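Engineer: Please work out how this folds:
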Amino acid sequence: MATRLQKFLAQAGVSSRRQAEDLIKSGAVSVNGQPVTALGTTIDPSADRVELNGRRVYIEKPIYRLLLKPRACLATLQPTGAARPTLRRYLREPEPGLQVVAPLD
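Structural biologist: Numbers count the residues shown, from 1 in each chain. The predicted structure follows:
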């Protein structure tokens, strides 16, 4: 499935789409060993090799975790100062990039 190069870079967590456009214009991005400077270039992420400053860029598949939290627990990892516990109590070392989705009660 074809996707725009700047969108691919943003999804890979390299930069925002606007910053990715600047990286492309500067010649820091290459596709299949060829430098790309044209905005709007499309790639096939499953077939093309994308590099930024010589390092391969990947999109990692998301990992989903389900935690059935206790009723009194707040659905956040941030300290709140409240007397109620947060998810930090149950997830001592959360994975990088973990995002909490509050339950839909």
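Engineer: quick one: the helix or strand containing residue 19 to chain centroid distance?
Structural biologist: Residue 19 belongs to helix 17-25 when assigned by DSSP states H and E. Distance of helix 17-25 from its chain centroid, counting by C-alpha atoms, centre = their mean, to the nearest Å, is 16 Å.
Engineer: so who does the residue nearest to residue 10 when sequence neighbours are not counted touch?
Structural biologist: Of all residues not flanking residue 10 in the chain, residue 17 sits nearest, at 4.7 Å (C-beta to C-beta, 6 or more residues apart in numbering). For glycine as for every other residue, the C-beta is placed from the backbone atoms N, C-alpha and C. If a contact means C-beta atoms under 8 Å, 6 or more residues apart in numbering, then residue 17 has 6, 7, 9, 10 as its contacts.
Engineer: For residue 97, see how far away residue 17 is.
Structural biologist: 18 Å (C-beta to C-beta, to the nearest Å).
Engineer: quick one on the thing from earlier: please tell me how far the residue nearest to residue 10 sits from residue 28.
Structural biologist: For residue 17 relative to residue 28 (C-beta to C-beta), the value is 15 Å.
Engineer: do residue 100 as well
Structural biologist: 34 Å.
Engineer: residue ranges of the helices in this protein, please?
Structural biologist: For the chain, applying DSSP state H gives helices covering 5-11, 17-25.
Engineer: so for the shortest one, what's the average pLDDT?
Structural biologist: Confidence for helix 5-11, expressed as mean pLDDT, is 93.
Engineer: elements contacting it?
Structural biologist: If you count contacts as 3 or more C-beta pairs under 8 Å, 6 or more residues apart in numbering; DSSP states H and E, helix 5-11 packs onto helix 17-25, strand 29-31, strand 42-43, strand 50-52.
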